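K.L.:
here is the input, now give the coordinates:
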Amino acid sequence: MAIDLKSFYASVECRERKLDPLDINLVVADESRTDKTICLAVSPALKSFGVPGRPRLFEVKQQINRLNNNRKSRILGHRFRCGSCSRKELLKNKALEIGFKIAKPRMKLYEEVSAYIYSIYLRYIAAEDIHVYSIDEAFIDITSYLKFYNCEPIELADRIISDVYQETGIIATVGIGTNLYLAKVAMDIVAKHMTPTKMGFKVAELNECTYREQLWDHQPITDFWRVGKGYARRLDKLDIHTMGEIAACSLGTLSDRYNKSLLYREFGINAEILIDHAWGFEDLTIKDINDYRPKNHCLTVGQLLNEPYNYSNGLMIIKEMSQELALKLLNTKQVTNELSLSIHYDCKTFNYVDDIEETEVNRFGRVRPKSVRGHIGLIRYSNLEHDIRKQLLRLFNEIVDSDYLLRRITITAHNLKDCQDTIVNYEQGNLFYDFSNENGLDRQQTLQETTLKIQERFGKNAIFKGLDLKDKAMTLRRNKQIGGHLA
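P.N.:
Numbers count the residues shown, from 1 in each chain. From the prediction side, this is the model:
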């Protein structure tokens, strides 16, 4: 079973205001970031007026203005006397101006509501049979529970999502399938076209046969899980546009124009997943997901800067992010011996540099200098801010062109190990390491641990450096955010 909480952020904001998300036009966006900010969610009511799911705020305003101009041209006097945010009222009275509410993101609230909904799932299903896919989506293996509850899959789904709605006011869409892939596809594609129940629920069910009957001819192919625009372009190059055509291609012999090797030449090993999904097969289970342990671990911190930063301000951000990474490593009791730095330049660089040879076009069609990346090692495994900052500043100086403006900075710690794994009885001497400074390193470790304890007890902004008070510093602002959005 795959469960998706419908327009989750917008639904939570409507619930907090005692409004119906199916009736009220609302977007979740931080308007203080200008109209270019991305809307985290759009209520189902506003989507019905042609507003897409993840637009920028100015795109929402443009769409509503177009609709209002059209409505205005059809009323006497070409003037609105009043407006409404209610879909029902707007459909009933064409003389009303379409309005919408803008709600500031509250990520901590969304996490709390999501956690409460997860607790509802736990009333019916054991934790080991649930995989949380995102804040508003989850997969549940209900195979062994149908006999226990003596019901059909749709009945169990209805019980769970009815509890979610009655206790939180959040409407859910459910897909049921004989494997994870079919459950996801049933939820993403089939359920959207189902007639909702009185409560607004949409539940769809698929098995391998019904999947082939209903969806082998479905277009666009990007509606299917794991098939993005890049895959679609490459399939179009092969004159393949549906899952049914992929399945047919996989049956071809070497003498045929379309055969399995054609897909493998284009997609490599990923062709195997594509072919399996075309037939509705998926071997992976929730148990496999829960049992998976990666061989190598890494930890990443990154930020999209509010405005283009010059070279010197970029150095300041590197110093701030060094502390953030060090505290995260300390909190997880891990150490690293390798760091990587990725810098994305800003398109406004052209205001400062006339001749740029290396450029790229991003997904929005904007031309900008290419990003730069670099790796650097540490002398020993460490999670000390001093060690991390020193090497990152060195790497920053090596790879960053001071003529360019910076827009995004990402730092990754590689080859992570648990702190206790690095304790050894004997250590190889190193001519480049100052062993006389061990007491100083111990003091740094104690200082970091104390800083972490203070932040955990009193909040991240309870203790900070003077560096964080500079005009372009980001730490104090980021500490009030979750995932880059207002907490």
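K.L.:
quick one, phi/psi of the residue nearest to the spatial centre of the chain?
P.N.:
Centroid-nearest residue in the chain: Ser134, 7.9 Å away (criterion: Cα atoms, centre = their mean). Dihedral pair for Ser134: phi -160, psi -180, per degrees, to the nearest 10.
K.L.:
just list whatever residues bridge to it.
P.N.:
Glu137 (DSSP bridges).
K.L.:
dump stretch 184-200 to PDB, restricted to CA.
P.N.:
Below are the C-alpha coordinates for stretch 184-200, written out as PDB (Å, rounded to 0.1, in the frame of the first residue of the first chain):
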ATOM      1  CA  LYS A 184       3.200   3.600  -6.300                       C
ATOM      2  CA  VAL A 185       1.900   3.700  -9.900                       C
ATOM      3  CA  ALA A 186      -1.700   2.900  -8.700                       C
ATOM      4  CA  MET A 187      -1.400   5.900  -6.400                       C
ATOM      5  CA  ASP A 188       0.300   8.300  -8.900                       C
ATOM      6  CA  ILE A 189      -1.700   7.600 -12.000                       C
ATOM      7  CA  VAL A 190      -4.800   5.400 -11.600                       C
ATOM      8  CA  ALA A 191      -6.100   7.000  -8.300                       C
ATOM      9  CA  LYS A 192      -6.100  10.500  -9.800                       C
ATOM     10  CA  HIS A 193      -8.800   9.400 -12.200                       C
ATOM     11  CA  MET A 194     -10.900   7.600  -9.600                       C
ATOM     12  CA  THR A 195     -14.200   9.000  -8.300                       C
ATOM     13  CA  PRO A 196     -13.500  10.200  -4.800                       C
ATOM     14  CA  THR A 197     -15.600   9.000  -1.900                       C
ATOM     15  CA  LYS A 198     -17.800  11.300   0.200                       C
ATOM     16  CA  MET A 199     -14.800  12.100   2.300                       C
ATOM     17  CA  GLY A 200     -12.700  12.900  -0.800                       C
END
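K.L.:
if we can go back for a sec, could you check the distance from the residue nearest to the centre of the chain over to Ile160?
P.N.:
Relative to Ile160, Ser134 is positioned 18 Å away (Cβ to Cβ, to the nearest Å). (Each C-beta comes from the backbone N, C-alpha and C, glycine too.)
K.L.:
who's in contact with the nearest residue in space to Phe201 that is not next to it in sequence?
P.N.:
Distance criterion Cβ to Cβ, 6 or more residues apart in numbering; nearest residue to Phe201, sequence neighbours excluded, is Ile161 at 5.6 Å. Residues counted as contacts of Ile161 (Cβ atoms under 8 Å, 6 or more residues apart in numbering) are Ile3, Ile171, Ala172, Val174, Phe201, Val203.
K.L.:
which stretch of helix or strand covers Ile161?
P.N.:
Taking DSSP states H and E as the definition, Ile161 sits inside helix 153-168.
K.L.:
ok, now His131?
P.N.:
His131 belongs to strand 130-134, assigned by DSSP H and E.
K.L.:
helix, strand, or coil at Asp401?
P.N.:
coil (DSSP: H, G, I helix; E, B strand; the rest coil).
K.L.:
and the pLDDT for it?
P.N.:
In this model, Asp401 is scored at 88, pLDDT.
K.L.:
what ranges do the helices span in the stretch 201-350 of the chain?
P.N.:
Taking DSSP state H, counting those that start in this stretch, the helices of the stretch 201-350 of the chain run over residues 208-215, 229-237, 243-251, 260-267, 270-279, 286-291, 311-331.
K.L.:
quick one: buried residues of the fifth one?
P.N.:
Residues of helix 270-279 classed as buried by neighbour count (16 or more other Cβ atoms under 10 Å): Ala271, Leu274, Ile275, Asp276, His277, Ala278, Trp279.
K.L.:
picking up where we left off before, got TSV for the contacts of Ile161, with pLDDT, distance to Arg233 and neighbour count too?
P.N.:
Converted to TSV, the contacts of Ile161 look like this (pLDDT from 0 to 100; distance: Cβ to Cβ, whole Å; neighbours: other Cβ atoms under 10 Å):
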residue	pLDDT	distance to Arg233	neighbour count
Ile3	96	31	25
Ile171	90	35	24
Ala172	92	33	28
Val174	95	32	26
Phe201	83	36	20
Val203	91	33	24
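K.L.:
ok, Leu441 touching Asn383?
P.N.:
No. At 11.0 Å, Leu441 does not count as touching Asn383 under the criterion of Cβ atoms under 8 Å.
K.L.:
looking at those two, which one has more neighbours?
P.N.:
Asn383 (26 against 16; other Cβ atoms under 10 Å).
K.L.:
isn't the more buried one up against Asn331?
P.N.:
No. Using Cβ under 8 Å, Asn383 makes no contact with Asn331, being 9.4 Å away.
K.L.:
which residues do the two both contact?
P.N.:
Counting by Cβ under 8 Å, 6+ apart, nothing touches both Asn383 and Asn331.
K.L.:
would you list every one of the strands in the stretch 1-150 of the chain?
P.N.:
Assigned strands in the stretch 1-150 of the chain, in chain order: 2-5, 26-28, 41-42, 83-84, 97-98, 101-103, 130-134, 137-140 (criterion: DSSP state E, counting those that start in this stretch).
K.L.:
need the ones you listed in TSV with distance to Asn479, can you?
P.N.:
Formatted as TSV, the strands of the stretch 1-150 of the chain follow (distance: least, Cβ to Cβ, whole Å):
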stretch	distance to Asn479
strand 2-5	28
strand 26-28	21
strand 41-42	24
strand 83-84	39
strand 97-98	38
strand 101-103	22
strand 130-134	24
strand 137-140	28
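K.L.:
done for today, thanks.
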